[in-house]
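Student: Provide a 3D model corresponding to the input given below.
(chains A and B)
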Amino acid sequence: METVLWNLLDLALAGLLLGLGWAAVASPDLKRGVILFIAFGLLLAITWARLRAPDLALAEAAIGAGISGALLLLALRDDPSSEAGDGIATGPVAWMTALLTLMLAGLFGWALLTALANPGPERLAGQVAAHLADSGVTNPVTAVLLNFRAYDTLLELAVLLAALLGIFALGPARPGFKEGGPVLDGLIRWLVPLLVVTGGYLLWVGAHAPGGAFQAGALLAAAAILLRLGGREGGGFPGPVLQRWVLAGGVGVFLLVGLAVTVVGLDFLEYPRAWSGVIILLIESFATLAIAATLALAYIGGRPSGWDASSTGRTTERQEQS
Amino acid sequence: MLTTQIIYGLAGVVLFALGVRGVLMHISLLGRVLSINVCGAGVFLVFVTLAYRGWELPPDPVPHALVLTGIVVAVSATALALALGRRLRVALDE
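Tutor: Down below sits the predicted model:
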């Protein structure tokens, strides 16, 4: 496959990536920059597919292009004055930054080329391949995420929860959107069930093919964001009490499983071989729900109604319509 | 060293540099958040390039797992930064 034709394609793809990245960053008009950034994310997903990373391509298309783009667009809408942008620094500052950036890029490029020129003996990749049969799944990326380096993933779920708590601490949620027109409403009726089914499929298939908790969670979050964009303020969420359980469930179930195996004499997060496939699916199912809820609530951008101390019970208030 | 690796690796380095420059040059918070996302994409691209070992060989899954967690952490950090910016603007308006 390493033919001249493929390298030409690589050059075209890398050139387009750089062009879009440059245009997104350098555009003084932020609205244009955000839209270019969404296109950049989609192109990046194609690049992941080219570099044989389909797991990343799925995640990038849903998160990098979809949810990040939606977040940035919403931030533009919140503050229309930022649309024109406060501009870009000029004068000596610009020259100094250009010089600094060039130096950083030179250093980074040198490190990269050195690493590529001296490929060391196969270390981690070989170990993953050798022990894949013991992991309980056959997709090596899922095996690394939920078995070999489960500790990292556990802490990552904790980081997600911490970021969301930070967002909640900053104030109440944005008011919901007006009800969408019939076209958007029809689209939502088609897309949301499709997204939910695809999310469930990706969660299940992640054991032996590209997919897994992150991609599935991102798709469910996208479904909730779509519902909210269409004017359903609840976004398909359960009540505030259940929301808390779902959010804590990702890290909680992971931690409980990790601790439970220590009772039978194994190390923290060391799964019994015969059960590892089931355990991974259990952890991933709760992680999917937690990731979906975290990303969707992060999009809402604050404490949803019903979270304040005075009204922890079931509330279906919808007074904040705009 | 594969030609593909050089092409995408250097593209990743340039994206990283573009992002850093954008973070330093933009005055508005939104522009900076956007730039740091481009910067992160460049780092991810370098990681995935290092994992790539040609079309015939399976890639190294460890950098893929790292980048997957990185993508999710990046979006949550973006959401937190934008929420902080919104709060800051409310505080400045008062």
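Student: before we move on, what SS does A:Ala209 have?
Tutor: Using DSSP: H, G, I helix; E, B strand; the rest coil, the secondary structure recorded for A:Ala209 is coil.
Student: correct me, but it touches A:Val137?
Tutor: No. A:Ala209 is beyond contact range of A:Val137, at 10.1 Å (criterion: Cβ atoms under 8 Å). For every residue, glycine as well, the C-beta is placed using N, CA and C.
Student: More neighbours: the two, which one.
Tutor: Set A:Ala209 next to A:Val137 and count neighbours by other Cβ atoms under 10 Å in any protein chain shown: A:Val137 wins out with 22 against 14.
Student: what about residue 89, neighbour count?
Tutor: Because you didn't say which chain, this covers chain A. A:Ala89, neighbours per other Cβ under 10 Å, totals 14.
Student: Actually, chain B is the one I wanted.
Tutor: Close neighbours of B:Arg89, defined as other Cβ under 10 Å, add up to 15.
Student: What residues sit buried inside the one helix or strand it maps to?
Tutor: Assessed by DSSP states H and E, B:Arg89 sits inside helix B:61-93. Along helix B:61-93, these residues count as buried under the neighbour rule (16 or more other Cβ atoms under 10 Å in any protein chain shown): B:61-72, B:74-83, B:85-87.
Student: With stretch A:106-121 instead?
Tutor: So for stretch A:106-121, counting by 16+ other Cβ under 10 Å, buried means A:Phe108, A:Gly109, A:Leu112, A:Leu113, A:Ala115.
Student: Name the surrounding residues that touch that stretch.
Tutor: Here stretch A:106-121 makes contact (Cβ atoms under 8 Å, 6 or more residues apart in numbering or on different chains) with B:Met1, B:Gln5, B:Ile6, B:Gly9, B:Leu10, B:Gly12, B:Val13, B:Phe16, B:Ala17, B:Val46, B:Thr49, B:Leu50.
Student: from those residues, which is closest to chain A?
Tutor: Comparing these against chain A with Cβ to the nearest Cβ places B:Ala17 closest, at 3.6 Å.
Student: Assign a three-state SS to that closest one, would you?
Tutor: Assignment for B:Ala17 (three-state DSSP): helix.
Student: before we move on, which element is the closest residue to it other than its chain neighbours in?
Tutor: Using Cβ to Cβ, 6 or more residues apart in numbering or on different chains and skipping the chain neighbours, the partner closest in space to B:Ala17 is A:Ala105 (3.6 Å). Per DSSP H and E, A:Ala105 falls inside helix A:92-117.
Student: element containing A:Ile291?
Tutor: helix A:276-300.
Student: okay, now the domains of chain A?
Tutor: Chain A breaks down by automatic domain parsing into domains covering A:1-103, A:139-308.
Student: could I get the ones you listed as a markdown table with mean pLDDT and distance to B:Gly22?
Tutor: Shown next, in a markdown table, are the domains of chain A (pLDDT from 0 to 100; distance: least, Cβ to Cβ, whole Å):
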| stretch | mean pLDDT | distance to B:Gly22 |
| --- | --- | --- |
| domain A:1-103 | 88 | 4 |
| domain A:139-308 | 90 | 22 |
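Student: right, so of these, which gets closest to B:Cys39?
Tutor: Closest to B:Cys39 of the domains of chain A is domain A:1-103 (Cβ to Cβ; 8.8 Å).
Student: Show me how far that closest one is from its chain's centre.
Tutor: Relative to its chain's centre, domain A:1-103 lies at 16 Å (Cα atoms, centre = their mean, to the nearest Å).
Student: Then stretch A:276-284?
Tutor: 21 Å.
Student: Next secondary structure after the helix holding A:Ala105?
Tutor: Defined by DSSP H and E, the subsequent element after helix A:92-117 is helix A:124-131.
Student: relative to helix B:61-93, how tilted is that following helix?
Tutor: In terms of direction (axes from the mean of the first three to the mean of the last three Cα atoms, to 10 degrees), helix A:124-131 departs from helix B:61-93 by 120 degrees.
Student: Show me what helix A:124-131 is packed up against.
Tutor: Packing contacts for helix A:124-131, counted by 3 or more Cβ pairs under 8 Å, 6 or more residues apart in numbering or on different chains; DSSP states H and E, involve helix A:140-143, helix B:61-93.
Student: average pLDDT across it?
Tutor: For helix A:124-131, mean pLDDT is 86.
Student: ok, and what's touching it?
Tutor: By Cβ under 8 Å, 6+ apart, the residues outside helix A:124-131 that reach it are A:Pro140, A:Ala143, A:Val144, A:Phe148, B:Ala51, B:Arg53, B:Pro58, B:Pro59, B:Asp60, B:Pro61, B:Val62.
Student: Thanks a lot, catch you later.
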